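1. Got a predicted structure here, sequence first:
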Amino acid sequence: MLAPVKTQDSAEIDSGGVLCRYPRRMPLREDIRDIAIVAHVDHGKTTLVDAMLWQSGSFRANQEVAERVLDSMDLEREKGITILAKNTAVRRSGVKINIVDTPGHADFGGEVERALTMVDGVLLLVDASEGPLPQTRFVLRKALESRLPVILVVNKVDRPDARIEEVVNEVYELFLDLDADESQIEFPIVYADARAGRAGLEPDDLADDLDPLFEVLLERIPAPSYEEGHALQAHVTNLDASPYLGRLALCRIREGTIRKGQQVAWCSADGEITRVKVTELYVTEALDRVEAEEAGPGELIAVAGIPEVTIGETLADPDDPRPLPVIGVDEPSLAMTIGVNTSLLAGQDGTRLTASMVLARLEQELIGNVSLRVFPTERPDAWEVQGRGELQLAILVELMRREGFELTVCKPQVVTREVDGKLHEPMERLAIDAPEDYVGVITQLLALRKGRLEQMVNHGTGWVRMEYVVPARGLIGFRTEFLTETRGTGILHHVFHAYEPWHGELRMRPTGSLVADRRGPATAFALLNLQERGQLFIAPGTEVYEGMVVGENARAEDLDVNATKEKKLTNMRSSTADELVRLIPPRLLSLEQALEFLGDDECVEVTPNNVRLRKVELSGQKRQIASSRKARGLATV
């Protein structure tokens, strides 16, 4: 049964200084709150959810629970970031609090935009030392655009380098910068140490638990409102799958009540309305989905029985179907060509090798990821995949290789636009934290990439924060060079800023590649001579083939090399015959590093066990002909 409701006039509802956005008298579900936790990467969102689950009695005292329990994917645990938005629920003072944990990385912004359509308020989490960063700006902008009330949680106040007062002022400046209105700026502030499960209204007076946070949350986040007697409207905001039930539609009920076994109208994105049956209905309790007979307004539910449903569609009353607006997301800004593996070593590692398998997997990804686009190319075995950033596209490729795919992935390119007859390109807002000793080298690196310095702040601790606006293509491959120049001490984050007119040619990678000129196993004798030319990516015994990139040349041009050369044997003894060959350890590239390293004529061969760099055109002779024709200004054949 649904809980009793309270009715108030919207003019009188003042949810902590935020006037309710509903225009007439509406009942409120006082037994439910729907919130999203938004923050920059690694500011403690998932750790805070862990503490809320423990303190609400969701786990037994002796139950073994992994840290960051909501990060359930292997990749999320390995990288320490949230990739998919997930929801959980805790009970406090008779109120069910539905919590949506959102990704903090702007590359997964599609997940953030979906999550914000499910909730009535947000907890904005900010690190007490780092303060608001570009991704904080991104997620906060989305929350303010949705007119959602905000509670600021300043986390990690126990850090020795915490600068709490300055961080709060920076958040106020960020609200003003994002054109927040007066009601949005008057947000409550809670100070927390999420790892210890403590919170308080003063930074130096934390309670032993999270009670102060729960009290502010229940007081300031508005309860879901609905219209009495309104027909059913449930918005599909995410998808999941069950091996027994098939596709599950995760919905937020806006109006009306839905029951298990009920006939509903499925309003698809193309305008078609179909009658379907709700075979199973689930609601969230802690980390589990539990069966329910019915659910009412404000509930976050999972529905089985509609195998073709997609994100943004509506489940409605079959006698009075009223579709809700389809969820809109920002356009992609980066593109990458993904195709089948065409190298000479294809088919040795993976089990999924054909073009039809790759296309089916990409189409499957489109169902659950609204921020991706897939377009055909001139080749029948390759497709252009557009997304928000390098990390999002690299995660997709990493997931596919773990599923047994072998792929060829080309260098990421920016998605340009034509505005008023002029070519425009995406710009990124880049924030850098680095020791002040490296300000000069960072300025030089970004000047080459047409970066524009917006702000520079010296905190007086030996560290400097610099904010730049840089062409997105200038940041492809920038991270590795940046970490090298700052000796691994620098921290950088970037987020999409705007489209600006094309900035002209950029000087990108200053080095060339060492390219194998024949097939065979690499030998220690050959690599000993090659390591003087530059840094190697392979070890002795690695199988190479013509056109495979085996290292980075110290000079700007590419160099064809023989990595399989063997030492000639004679029957003459030598004093140095048994001398040990000492090789410098090779630089083993991860998938993200390989994508950053790529030149314009290079691509990555990705298999379940290997990441290899190679030229797009494997034949050295054909590459030489194309290079000479280009030098003479002739069209390449």
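-> Structure's in. What do you need?
2. Distance of residue 521 relative to residue 568?
-> Per CB to CB, to the nearest Å, residue 521 is found 17 Å from residue 568. For every residue, glycine as well, the C-beta is placed using N, CA and C.
3. where are the low-confidence patches of the stretch 501-637 of the chain?
-> Low-confidence segments of the stretch 501-637 of the chain, defined by pLDDT under 70: 508, 570-581, 635-637.
4. now the strands: where do they sit in it?
-> For the stretch 501-637 of the chain, applying DSSP state E, counting those that start in this stretch gives strands covering 512-516, 520-521, 534-536, 543-544, 548-553, 559-561, 602-606, 611-615.
5. So what touches the second one?
-> By that I understand strand 520-521. With CB atoms under 8 Å, 6 or more residues apart in numbering as the test, strand 520-521 has contacts from 540-544, 564.
6. so what's residue 185 closest to, chain neighbours aside?
-> Once flanking residues are discounted, residue 185 sits nearest to residue 175: 5.0 Å by CB to CB, 6 or more residues apart in numbering.
7. Show me what the host helix or strand of residue 248 is packed up against.
-> In the assignment (DSSP states H and E), residue 248 maps to strand 246-255. In terms of contacts (3 or more CB pairs under 8 Å, 6 or more residues apart in numbering; DSSP states H and E), strand 246-255 is packed against strand 233-242, strand 300-304.
8. Please identify the deepest-packed of those.
-> Across the helices and strands packed on strand 246-255, averaging neighbours per residue (mean count of other CB atoms under 10 Å) puts strand 300-304 on top, at a mean of 24.
9. if we can go back for a sec, identify each buried residue in the helix or strand hosting the residue nearest to residue 185, please.
-> Secondary structure from DSSP H and E places residue 175 in helix 164-177. For helix 164-177, the neighbour count (16 or more other CB atoms under 10 Å) marks 164, 167-168, 170-171, 174-175 as buried.
10. Residue 129 and residue 314, how far apart?
-> On the measure of CB to CB, residue 129 and residue 314 end up 44 Å apart.
11. Not counting its neighbours along the chain, what's nearest residue 608?
-> Excluding its sequence neighbours, the residue lying closest to residue 608 (CB to CB, 6+ apart) is residue 349, at 4.9 Å.
12. Now do the contacts for the one you found.
-> Residue 349 makes contact with 406, 607-610, according to CB under 8 Å, 6+ apart.
13. List just the nearest of these to residue 119.
-> For the contacts of residue 349, the residue nearest residue 119 by CB to CB is residue 608; the value is 38.3 Å.
14. show me what contacts the closest one?
-> 349-350, 401-402, 404-406.
15. and which of those residues is nearest to residue 262?
-> Among the contacts of residue 608, residue 402 lies closest to residue 262 (CB to CB), at 38.8 Å.
16. Quick check, pLDDT for the closest one.
-> Residue 402 is assigned 88 on the pLDDT scale.
17. count of residues packed around it?
-> Here the count is done by other CB atoms under 10 Å, and residue 402 has 11 residues near it.
18. list the helices and strands the lengthiest strand in the chain packs on?
-> In the chain, assigned by DSSP state E, the strand with the most residues is strand 422-435. If you count contacts as 3+ CB pairs under 8 Å, 6+ apart, strand 422-435 packs onto helix 134-145, strand 417-419, helix 439-448, strand 463-471, strand 491-501.
19. Quick check: the gap between the residue nearest to residue 608 and residue 411.
-> Counting by CB to CB - residue 349 and residue 411 are separated by 22 Å.
20. Same check on residue 614?
-> For residue 614, the distance to residue 411 - CB to CB - is 12 Å.
21. tell me, what's touching the two both at once?
-> 602-603.
22. what ranges do the helices span in the protein?
-> Taking DSSP state H as the test, the helices found in the chain are 45-55, 74-79, 109-116, 134-145, 164-177, 182-185, 211-220, 355-368, 390-402, 439-448, 478-485, 524-530, 591-597, 620-631.
23. Just the buried positions in the first one, please.
-> Which is helix 45-55. For helix 45-55, by 16+ other CB under 10 Å, it's 45-55.
24. what stretches of the stretch 201-350 of the chain score poorly on pLDDT?
-> 241, 287, 328-330.
25. So which residues of it form strands?
-> For the stretch 201-350 of the chain, applying DSSP E, counting those that start in this stretch gives strands covering 233-242, 246-255, 258-259, 263-267, 273-277, 280-285, 288-291, 294-295, 300-304, 314-316, 334-340.
26. and those strands as CSV, adding distance to residue 93?
-> Formatted as CSV, the strands of the stretch 201-350 of the chain follow (distance: least, CB to CB, whole Å):
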stretch, distance to residue 93
strand 233-242, 27
strand 246-255, 23
strand 258-259, 26
strand 263-267, 33
strand 273-277, 37
strand 280-285, 16
strand 288-291, 21
strand 294-295, 21
strand 300-304, 19
strand 314-316, 31
strand 334-340, 46
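27. Comparing the ones you listed, which comes out most buried?
-> By mean count of other CB under 10 Å, the strands of the stretch 201-350 of the chain have strand 314-316 as the most buried, with a mean of 26.
28. Adjacent strands (with direction) for that strand?
-> strand 233-242 (antiparallel), strand 263-267 (antiparallel) (DSSP bridges).
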